[in-house]
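*Asks:* Based on what follows, work out the 3D shape:
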Amino acid sequence: MLIIGADQREKADDETQTRSLRGSTAQVMVLVNGMILALVAYLALSFFIGDMLQAEQKRTVAETERTINDNLHALESAIKAASTILVLEKDIPPEFLQKTISYATPNIDQFDYLIWLRDHGNGAWSITHFMKPSSPAALENDAYNVQTREDQAALVRFITENKVRIYEDVLIRTDIPGTNYVQESTEPLIKNRPFAMIKKIMTPDGPDSFLVGFSRVSSVIDRAWLNERTELSGIVLREGPGGDPIFYMNRMGQGRASEGKNLREDYAFTIGNAKWTMQVDVGQTRHTVFLQKTPLLVLFFGTMFTIVGMLYVRNNQRQSGRLAVMNRTLAHKNFELNSEISERERLNNSLRKAERENRAIINAVTDIIFETTAEGDILFLNDAWGRVTGHDIGVSVGKNLFDMLHPQDQAEQRDQFQQMIKGQRPAYRSFARLRTREGTFRSVELAMSMMRQDENRNIRVVGTMTDVEERRRAEKALSEAEKKFRTIVENAAGGIYQVAPDGKYLSANPAMARILGYESADDIVGSIRNANSEIYESIRERKQFLAQLDEKGTVKNFETTVRRKGGDIIWVNENARTVRDDEGNILYYEGSIEDITQRKEAEIKLQEAKVHSDMASRAKSEFLANMSHELRTPLNAIIGFSEIIKNEVFGKLEQRQYWDYANDIYDSGKQLLKIINEILDVSRIDAGERQLNESLVRLDKIVQSALDLMAPKIESGQLTVTNMLDSTMPDVIGEELALKQIIMNLLSNAVKFTPEGGRITLSYELDADGQLRLSITDTGVGMDDHEVQKALSPFGQVDSSLHRATSGAGLGLTLVDALTRLHEGSFELFSQKGLGTTATIILPARRVSVRDTASNAS
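*Replies:* Modelled structure (predicted):
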């Protein structure tokens, strides 16, 4: 026993020495490794943070330079745009120019002043203020002194002295009279020298004009942007290297940390015609200084943790000796306990995972899932309850389910629910209305699915509610739409149908049956096997119709003939379209037909009547032309021989009565020849054989010639003629003979139908469209409306005691109208019984040629 005890003590001493040696080694290793790790962390962080801060400083410098440069160039673009507006809109008042420039020019509000200077010569300048300073900094610190006349005069002198330097580019100057280098703020310290952008207004024929915009660098730099970049310790803008400062900003007086390394960058850029330099200083904020000291903190805390770790290992080694025996005793128990805990934790994790998955599945369901007591009190709701009703689940749990229904549905649902609880009926479904958070009700399908017992053997009921509000509305809207469209189809005047590709009618409306002679739509569907061959008369036209449908998908206004049930053939106008499935296969054709038989028959009759009318008109024209030629041959002989007798060519007639007869024969023959010529002219125009021999015609000379020919009749009738046509009257492009014939006929009618002592007036005018209107007005007997229509018709004559002795064939006005239309003009006749008549010929503007009166006079 003693030997065993000594061996055990020796073994224990050996284990103690070994444990002590191991503990010392572990302490040294902890100290060495901890210091190495702390030193490595310090060096890595120092290098990384240094590079990061230097990159951040360079980014800040680049952003500052870009922002200021872009804003200044935007200001330059603004004054160029404003000068362009002044060139384009120079004639409108200055107050409207100011509004136009304010609304149409971006960044124009960054100018403190915007002044328009105009040189009127002899030292006279006008100054127009488009903008005046609204910035407190510009008004309160004497940056500008250009309000007085003396300051404005100095500005004008400066522009005059530097006028030759102002070209199309913008002139940038900081030495404008009336501007001062002033301090605008103290935190941060900001000093500004206003600068002027001068742009010459390039007008080809106007006086010298200059647009002068005053601004400051602080106006184009967003103060919020500047305040956010606290790392900017200073910004200096100068006019050229080593020039006077234009803008100065310094933040060193704002309690900034002075530790750390600052970065300074210089940048040169061009704005307008000026070359500026920018100096940007980026300092260290408290944040960046703290980051720079972070490696030292890491080194310090690493060292501390290493020492603490070493002390902890040392103390642990001491404690481990005392706890070694206890640990060996408890090791087995701990192993068993840990095994049991691990198993329970695994089971709990599996249970929680299954619960989460089941809960996620239940909440993902769109239907409301609920559980209630036997009295209907809500115990469980899934997330669909909030989506459908808007109520909070936590508030709704505990309330009675049936109190959430519409009052009219509550009694019925409670009764059915209690019957299920008592076993008098199985699970059921019914429709009810569920109250929402807004106080409205939504239609739901309520399903009581099952009953169960909880651990306390209390009855629980599980069910679902499906939101059918949209479905009920859609069903109702679909029903109403179907009813409305069915009513429209059944009461439509035209036939509406659906037909399969093989010609079998699928549906038709009553109008379709009425058009085709069937008793009802069902009669069409049941009787016709192939509409393509049984209904449509022309198989070829039907194939063309179907081919167009297959190719284009729709056919409109296809006129064809169909066969009614009794065998009658009628004309229809058909519209149809192709209905296809998702794969493009033809399901059926749907369309409509309209009975157009009466219209087609009327068109056919109208065409036949037109053919007969054209043939009759052509026959009439040919007859008149032939008769005119046949009559002129013997008539020329009659006129010739009567003229020989009248002129006593072969000797004096002994009997004067024969001379009177020969004179009457000559006059009658000339009158008849005139009528025949008029008939021949009208027939040639109607037949389209009359061509114009056009030239430049002076109407005033033609009218004067006609007046000379009618002078004997005018004098015999004691008529007063007023000719208002003079040499200033425009020439016209037309046939002189036809125009003379028009004027002679109108003038002859005026003389013929005007009683003694009457007046005849000839006048003209050019209307707003440039058309020439030549009018002949008389104070004759006049005509009623029906007499005007009769006078304008061929061979139409109006009875009047003034003209029966020398009446013609009634073709004068017809010929006037035809010859005017041949000149692409129109003829107007206005008359009033007892007052007189005005006849007007209207020639189009393209036939009117205005003469140069000066050349004619020379």
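*Asks:* Tell me which other helices or strands the lengthiest helix in the chain touches.
*Replies:* Longest helix in the chain, counting residues (DSSP state H): helix 2-88. Helices and strands touching helix 2-88, by 3 or more C-beta pairs under 8 Å, 6 or more residues apart in numbering; DSSP states H and E, are helix 94-104, strand 195-200, strand 209-215, helix 217-220, strand 232-239, strand 263-271, strand 274-282, helix 286-364. For every residue, glycine as well, the C-beta is placed using N, CA and C.
*Asks:* Now do it, average pLDDT.
*Replies:* Regarding helix 2-88, the rounded mean pLDDT is 77.
*Asks:* got the angle between it and helix 94-104?
*Replies:* With axes from the mean of the first three to the mean of the last three C-alpha atoms, to 10 degrees applied, the angle from helix 2-88 to helix 94-104 works out at 150 degrees.
*Asks:* any weak-confidence spans in the stretch 351-500 of the chain?
*Replies:* 485, 488-491, 493 (pLDDT under 70).
*Asks:* Which residue ranges of it form helices?
*Replies:* Counting by DSSP state H, counting those that start in this stretch, the stretch 351-500 of the chain has helices at residues 384-389, 393-396, 407-421, 469-491.
*Asks:* Touching the last one from outside, list them.
*Replies:* By that I understand helix 469-491. Residues from elsewhere that reach helix 469-491 (C-beta atoms under 8 Å, 6 or more residues apart in numbering): Arg442, Ser443, Val444, Ile496, Asn509, Pro510.
*Asks:* Now, those that are in strands?
*Replies:* Arg442, Ser443, Val444, Ile496 (DSSP state E).
*Asks:* The last one touches Ala513, doesn't it?
*Replies:* By that I understand Ile496. No: with contact defined as C-beta atoms under 8 Å, Ile496 and Ala513 do not form a contacting pair (10.9 Å).
*Asks:* any common contacting residues for the two?
*Replies:* By the contact definition C-beta under 8 Å, 6+ apart, Ile496 and Ala513 are jointly contacted by no residue.
*Asks:* any idea whether Val721 is helix, strand or coil?
*Replies:* strand (DSSP: H, G, I helix; E, B strand; the rest coil).
*Asks:* Leaving out chain neighbours, which residue sits closest to it?
*Replies:* Nearest non-adjacent residue to Val721, counting by C-beta to C-beta, 6 or more residues apart in numbering: Ile760, 4.8 Å away.
*Asks:* swap in Ala511?
*Replies:* Spatially, and ignoring its direct neighbours in sequence, Ala511 is nearest to Gly495 (4.9 Å; C-beta to C-beta, 6+ apart).
*Asks:* what about Thr728, which SS state?
*Replies:* coil.
*Asks:* May I have the phi/psi pair for it?
*Replies:* Thr728 adopts backbone torsions of phi -80, psi -10, taken as degrees, to the nearest 10.
*Asks:* That one: how many residues sit nearby?
*Replies:* 11 (other C-beta atoms under 10 Å).
*Asks:* The one 4 residues further on too?
*Replies:* Counted with other C-beta under 10 Å, residues neighbouring Val732 total 23.
*Asks:* Could you list the paired strands of the helix or strand containing it along with their orientation?
*Replies:* Here Val732 is covered by strand 731-734, with elements defined by DSSP states H and E. Sheet pairing of strand 731-734 (DSSP bridges) gives strand 695-697 (antiparallel), strand 848-849 (antiparallel).
*Asks:* Switch those strands over to a markdown table; also include mean pLDDT, distance to Ile221 and mean neighbour count.
*Replies:* Putting the strands paired with strand 731-734 into a markdown table (pLDDT from 0 to 100; distance: least, C-beta to C-beta, whole Å; neighbours: other C-beta atoms under 10 Å) gives the following:
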| stretch | mean pLDDT | distance to Ile221 | mean neighbour count |
| --- | --- | --- | --- |
| strand 695-697 | 88 | 77 | 14 |
| strand 848-849 | 84 | 70 | 14 |
